[in-house]
Structure formats: C-alpha cells, structure tokens
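>>> this one's sequence-less:
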C-alpha cells in the first residue's frame, strides 16, 4: 500500500512539473503573441508543445479534436476578398472566423507562435500581405521577438517575490563537515586584523559571502564554488563565533561530481532522517543498530545530551564530545507519542589526518597516529542496496585482511589502492576470521572479483577500535595544513611492514588505538617544554600471513624517539563523535523577506543573479572547461529534477519554475538563428543595412543552428536517461 501511495505522489509531483513548465512556455509565447497583435502582425497559430495538435480552438469554429486548419483554409478559399484587402479571408472577415488557432500539441515541451510570413526553420517563407511579419517595420519586429524573453524575466521576478514573501526552507550556509585533506581543510584563514589563523575552515563556520556575493543558503556556497574559475582562489568571508574571518581556498574537481568543490557538507539538524521508502528506512534502522544506537528509529529527534536539552543541531553533540575527555555520553532521543530512547556512546579518539599519494596520482586522506595505522577490515559484507556484495564472494563481516593483492595487513589507504588497481580483474585475498569458539583462523579467498568501478562490495572499517594490530606505515605523509612540507612519519623510523601488534607503551598495556593514543599522549604531556622524548614500546610479530600470534613469537622492546613536532601533533588531538553525520537530516531555516519591499528587491536581484549565472555557466562550459556537457540537463533531466524538487513542497516548485523561467529566457536569446536571439540579430542587420540578410545566408545559419541544438539535445537527453537509469 505504501508503495502505491509513494508512486501516486511521485506521479502527481511529475504532473505538477509538466503543468508548471507548460505555464512557463505559455507565458513566453503569450509575450510574442501580445506583441505581434500590438504590431498588427497576423498570428496564424498560438501553440503549446510541438507535433500534431491534440485539441484546438478557433474563434468562429470553436473546439476541435486535432487541428482546425484544413477546415479554416477550405472556408478561406470560398470567401471573397473584402474591399481594400490584399487577400481573401483577412482577420475577422471570413464569416467571423479568426485566423488564429490556439492549439495544444502532443509533445508538451516547448511551444511557438506562428505569424504570417515568419518561419524560423524556413526563412524563405515570406509574405507580402500588409499584416505579414515582413511588412512590419524592423524595430516593431524586434519588440515581437524579444517579448517572450521579457515575459519570462518578469514572470521569474514575480515568482521569486512570491517565494520570498511566503518563505523558502533552505539549508543555511553553516558548515557541518570538512573533509580531511580537502581544500577547505587546507584553506588560508585570516582574522579581521589580517593575521593568519591556524587551521583551515572549521565545522560550525558560517559563510557570509563568497567572492563578494552574499551567501543566503548552502546552495549558494556550492554553486558559487562550482562556478569558480579554473586555478582561481575562492574568497570566503566567514563568521566564527561572532568574529569575522576571511579565507582563501583553491577549489578542486570532485571525483564523483566532476565539478569544482572545496570538501564541505551542510550542517545537520538534531532529527534522524526518515526516508519515505520502506526499504531505505529499514536499511537506516539497521545502520543505526550497528553504529551503537540500538532502539533509535528513523524520524526521532536528539532531545538531550547528558540531560541537557534545547538541542538545536548536531553541532551540539560534536561540542559535547569535544569536551568529554573520552568519557561516555548519554543521548536521549524522542519520537512520536513521547517515545524515548536513551543510549550511551563512547567518544572516538581523534587521529591525525594526513594525505598520501596513490599510484594513480590521486591524493587520499589517511588517519594515523604518528604514522601508526590500523589494519583494514570488512565492516559489513552485505551493505544495503549493494549488488553484488562481498558476501557473495565468501567474505564475512569482521574479516581482517591478512593479505590483499601484494600487501600484507594493509591499512585502509593501502587496501583501497590495491583494490582500485585491480579493476575488472581478480585479486588474491587472505583474511583472519574468528571461529565459533573465539579462535582466529586464516581463510584464503584466491579469486575475488573486483568491479569496473574498483569495488568488491563491502563497507570498509579497521581494527583500531578493537585491536592494537598495526599496518605498514607510509614512507611520506603530506600534512593537510597549508605551509607544511611532506615529512617522514615517526612510525617509519620505528618499523617496516605490517602485521605487528603493540603490546605496551611506557610499560602500560594497550588493547586498541584509543589506548595507544592515550599512552602516547601521556608521554607527550609528560615531556617538558616541548622537548623531544624517548618512549619505550613493546611489539610482537605475527606470522607473515596468518597473523595468528604464536606462543613462541618474541616480544621485542624498542625505544621510540619522538621529536618536538611529533609531541605537538599529539597534544592537539581531541575527541570526535562516533555517530555518523549522514544519519541526520540537514539543518534547515526559512529564508523569508523582511517585508514586501524587501521581497521585491530580492526577487529582482535573484532574477538578475540567475541570468548572469546562466551566462557564466556557458563561459565555464565553452571557454574555461570547468563545467562539462554531462552537467547540463535536458527535458528528461529537468522533469526528473523538478519532480524531486516538487516533493519538497509547493514553494520549492515555484522557486524551481522561477529558475527555469530565467534559464528559458537566457537560452532563447542566445545568438543562434533558430532561437529568438538569432532572429533578433537578423533584425539588427536589417535595421542597419536597410534590407534583410540574404535568404541563402539565413538558410545556412539556420541549418547550422538547428544541427547544433539537435546535437546538444541528443547528448543531454542521452546523459539524462543514463543518469536516471544509474548507468
């Protein structure tokens, strides 16, 4: 039943988009129509859509199934030419029948106004009648040609005004997450006095302006970043706890989007996401259980943290964890009917973040402690919505990778590198698996297939929370902070190769990476004045592959020399939340104008901004090449995107239609012969030269424009369908 309701809702949203798009086209063509009638040009057809007529109306004949043109022409032939007219059947003189047919065509995308003596596809189809297109003076024809665009711009401004009068729910420009090693993490930040501030952009920072333009929503930040120039620094004005900061950041192309990004995500609310789809809801519930939030249901709200209420967003949890010093925190979630769930979470020890280069040239972020990294494990062998998944190839959740390709006991970075390097091939794998009696056993999976995307089909985890097992350290690490050079991590000075287990640090036993960090931090805090420190550690070697501790395996004691820089890095580490951000809905606020005058001002401003952004998009596409054809949307993509937007509410649909209206105006006024902009240029030529451009030239340019638009239409439609099918 839910499936039926969901599909009916989607179908209704799609219908709203089709009707809305039809209204936008109607208003565009109405502009042409009104201007043509004002200019005295005979209008033969006012059509919504293309192709054969489904239904039509003509004054004097009434409604007809299909077109009434044949019937009208038949009567026209039998009519006498009125006195003083150039031809029989002038408007309103054929037995009261209008020459204008109003028609709804089979294909609802687009529309046109057909005038006597004017045909975009056939410039030779001219007429010498007094009320023909050619008989009208050029400047009036310019008004007719541009009237559709003007109507769309005015419509967009009115829609924007309505939207801001009512209010639009948007994600505020508050930063919720900064990806480790991202451009935002490496940004150069200055305070109001021009002094450099340590670190990059932080979660909780609010973007006030981006390249001088006001940022009213997180979409403004994302779109402004995507439209940045290639190799140009992006200038941000930030609000951090009431203090104004400025930041310079170099955007990079995202591996998934292909657009310029800086590696940030919007702030999250205190409400767990509540998907409409039953399957997605069940998958989220399963993830919540596996992540230490048993009993928490989709749609519940984080109501209290250690008894403290008034939680306005997920940032409150991050702040509580940062102050916790690692102590457990009690979270209270509330749902419908006063349902309440209390869960205790243990903060995760923050690791250092660095960057390592992969063989394919991609720089990947890694978490480590002075170069110590845990071993990669299979967190979930059968994640939801993953087909095929790793369980089909013999993997089980909790498997520890003892060998993956040519690497023994790989870290996550090393493991991902090996898998990516084996696209469309098989890779040998050996894992450690805990048996029914709790003993570890080695399992060999000699023929694991890797997909063309470089995946096997499992969620990645590591041993850090449960074991002191360590992988081979990287030889060099690039800091995420700007201004620091690549360096050799301290662990690379201590050992080589993976599969070692830390037994103790400074005589204190350790059982996981949290305890490793605590003992290293204890040593760092014990050192005086930032001086170097020697730390005694004990390590035990595992068997080369199986990794099963042998009773005879020697425990080796080593002295680890830590530099002042190593100790400083340790002292800067804190605590982070184990609760994933993506469990929660994005934070939303209502963007509403202060008064009607402000709504008008913002409506006009947004119309101008969207127009300029559309032109900028073409520049980035054609000249700068920072936007690709794949990012453009055709009719299929617009309909799909519009359906998703309509699902967010009627005001969002109006906002979307305002954007479409502005884009339709801009695209229609491009200097291409087949659209209004090209026809306008022909009229400018005629006005300046005193005669029309040669028909042969008009025909050649029209064919070229038609071929260009046809190719772009086919490409964007192909990409739309491919994306819609997930290919």
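Here it is on my side, so go on. Note that the structure is predicted; figures quoted are calculated from it, not measured.

>>> so residue 657 makes contact with residue 18?
No: with contact defined as Cβ atoms under 8 Å, residue 657 does not count as touching residue 18 (11.5 Å). Just so you know, the C-beta spots here come from the backbone N, C-alpha and C atoms, and that holds for glycine as well.

>>> The two: which has the busier surroundings?
residue 657 (24 against 15; other Cβ atoms under 10 Å).

>>> contact partners of the strand or helix carrying that one?
Secondary structure from DSSP states H and E places residue 657 in helix 650-668. Residues outside helix 650-668 that contact it (Cβ atoms under 8 Å, 6 or more residues apart in numbering) are 16-17, 20-21, 23-25, 27-28, 148-150, 152-153, 155-156, 159-160, 162-163, 166-169, 606-607, 610-611, 614-615, 638, 641-642, 645-646, 675-677.

>>> Quick check, pLDDT for the residue lying closest to residue 210 once chain neighbours are set aside.
Closest residue to residue 210 apart from its sequence neighbours, by Cβ to Cβ, 6 or more residues apart in numbering: residue 224 at 4.1 Å. Here the pLDDT value assigned to residue 224 is 87.

>>> now swap in residue 721 and tell me
If you check residue 721, the pLDDT there is 68.

>>> what does residue 59 give?
88.

>>> who's in contact with it?
Per Cβ under 8 Å, 6+ apart, neighbours of residue 59: 96, 97, 98, 100.

>>> Let me know how buried the closest residue in space to the first one that isn't next to it in sequence is, in neighbour terms.
To tie it back to what came earlier, the one meant is residue 96. The spatially closest residue to residue 96, leaving aside those adjacent along the chain, is residue 60, at 4.7 Å (Cβ to Cβ, 6+ apart). Residue 60: 14 surrounding residues under other Cβ under 10 Å.

>>> how close does residue 60 get to residue 44?
14 Å (Cβ to Cβ, to the nearest Å).

>>> Distance of the residue positioned nearest the centre of the chain relative to residue 137?
Note on the chain: the residue nearest the mean C-alpha position is residue 257, at 7.0 Å, using Cα atoms, centre = their mean. Using Cβ to Cβ, residue 257 is found at 50 Å from residue 137.

>>> Could you pull up the residues touching residue 216?
By Cβ under 8 Å, 6+ apart, the contact list for residue 216 reads 170, 173, 591.

>>> By neighbours, which of those wins?
residue 173 (28 neighbours).

>>> circling back to that earlier point, what distance separates the helix holding residue 657 from the middle of the whole chain?
Distance of helix 650-668 from its chain centroid, counting by Cα atoms, centre = their mean, to the nearest Å, is 19 Å.

>>> next structured bit after that helix?
Counting by DSSP H and E, what follows helix 650-668 is helix 676-689.

>>> May I see the buried residues of the top helix by length along the chain?
In the chain, with assignment by DSSP state H, the single longest helix is helix 2-39. By neighbour count on 16 or more other Cβ atoms under 10 Å, the buried set for helix 2-39 is 13-14, 16-17, 20-22, 24-36, 39.

>>> re earlier: pull out the buried residues from the contacts of residue 59.
Members of these classed as buried by 16+ other Cβ under 10 Å are 97, 98, 100.

>>> Could you chop the chain up by domain?
1-41+139-166+595-727, 43-115, 175-266, 269-349+579-584, 364-566 (automatic domain parsing).

>>> Those: lowest mean pLDDT?
The bottom spot among the domains of the chain, by mean pLDDT, belongs to domain 43-115, with a mean of 77.

>>> From the chain's centroid, how far away is that one?
Using Cα atoms, centre = their mean, the offset of domain 43-115 from its chain centre is 47 Å.

>>> can you confirm residue 403 is in a strand?
Yes: if the criterion is DSSP: H, G, I helix; E, B strand; the rest coil, then residue 403 is within a strand.

>>> How about residue 624, nearest residue that isn't a chain neighbour?
Residue 624 sits nearest to residue 230 (Cβ to Cβ, 6+ apart), 5.1 Å away.

>>> does residue 239 belong to a helix or a strand, and which?
Counting by DSSP H and E, residue 239 is found in strand 234-240.

>>> what helices or strands is that strand leaning on?
strand 206-210, strand 243-249 (3 or more Cβ pairs under 8 Å, 6 or more residues apart in numbering; DSSP states H and E).

>>> residues in contact with that strand?
Outside strand 234-240, the residues that touch it by Cβ under 8 Å, 6+ apart are 187, 189, 201-202, 204-212, 224-225, 228, 244-251, 262.

>>> Please verify my assumption that residue 61 contacts residue 72.
Yes: between residue 61 and residue 72 a contact is recorded at 6.9 Å, counting by Cβ under 8 Å.

>>> quick check, nearest of the contacts of residue 216 to residue 536?
residue 173 (49.6 Å; Cβ to Cβ).

>>> Contacts only, for the closest one.
206, 207, 208, 215, 216, 217, 218, 220, 221.

>>> what about 10 Å?
205-210, 214-222, 224, 236, 238-239, 264, 266-267, 589 (Cβ atoms under 10 Å, 6 or more residues apart in numbering).
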